[in-house]
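> here is a sequence together with a model predicted from it:
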Amino acid sequence: MEKKNWLQLTAGAGQNLILGQAMDLLDGVLDYKELMMGYACAIKEINTKFEVLDTEFEVRYKRNPISSIETRLKSQTSILEKMSRMGIPPTRENIENNLNDIAGIRVICSYIDDIYLLADALTKQDDIKLIRRKDYISNPKPNGYRSLHLIVSVPIFFAESVKEVRAEVQIRTIAMDFWASLEHQIKYKQNVEHAEKVIARLKECADEIAHIDETMQEIRREMDNIKEAPTDMEALYEKLKKIDINLI
């Protein structure tokens, strides 16, 4: 009888232990999903802000400064790997305090001056807080990489709370993005022969692309400065075209 009771108690303790571990695991999963939900919402908020700016420029100036927008939510594996490299335990508090690029937004523009125009328009908004700005266009990386990086925070309004969430915004031209995409593919190839020569050639390509960006911007400015007095009919037609723009 005593042996049976002991076995029942042991079995009960084992079940409680398993149940406790399962609850801890479930709490961890839910906590992680809640954390990532905040970053996903930050991406949506900032993406919408850029779409609004692009629409405004289409209506006011008949051109779109934004060619495309790409978004990215860092994977759990990437988060753990980065925390490991930093030598920091991957707790929720540590992730929020030390990682700024879980939410990523990349804005691709046609011209260099559009990059700064959009960056200034975003960071001047009352609910956007600029944490850090790195200008790799004015000061390219040694390998030739060019882009404007912003770390910002945006308030996310939930049903019962408001939370400031950080995100990384990268703004670059089509040419800069083309170079960065190819450089990224080449960089991760293993056992590349004559690596130094490859790096030097990539830098040359980056410099040539930068020159093309600057030339295209000069051409656009020259074309913008050519002002021909429109006829009354042409002026009316241009106004009608503005009204006809699809805003949805």
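Here it is on my side, so go on. Residues are numbered from 1 along each chain as shown.
> pull the number of nearby residues for the nearest residue to E164 once chain neighbours are set aside.
Spatially, and ignoring its direct neighbours in sequence, E164 is nearest to S153 (4.7 Å; Cβ to Cβ, 6 or more residues apart in numbering). (C-beta placed from N, C-alpha, C; glycine too.) Per other Cβ atoms under 10 Å, the neighbour tally for S153 reads 17.
> three-state assignment of S153?
strand (DSSP: H, G, I helix; E, B strand; the rest coil).
> and the strands in this protein?
Using DSSP state E, the strands found in the chain span residues 66-73, 103-109, 129-135, 148-157, 162-173.
> ok so, going back, look up how far E93 lies from the residue nearest to E164.
16 Å (Cβ to Cβ, to the nearest Å).
> now D31
With Cβ to Cβ as the criterion, D31 and E93 are 11 Å apart.
> tell me which of the two has more neighbours.
For D31 and E93, the more surrounded residue by other Cβ under 10 Å is D31, and the numbers stand at 12 against 8.
> so that one sits right up against R92, yeah?
Yes. Between D31 and R92 there is a contact under Cβ atoms under 8 Å: 6.0 Å.
> which neighbours do these two have in common?
Shared contacts of D31 and R92 (Cβ atoms under 8 Å, 6 or more residues apart in numbering): none.
> show me where pLDDT drops low in the protein?
Within the chain, the set of residues satisfying pLDDT under 70 comprises 1-30, 188-195, 227-248.
> can you map out the helices along it?
2-61, 76-86, 92-98, 112-123, 174-187, 195-225, 232-243 (DSSP state H).
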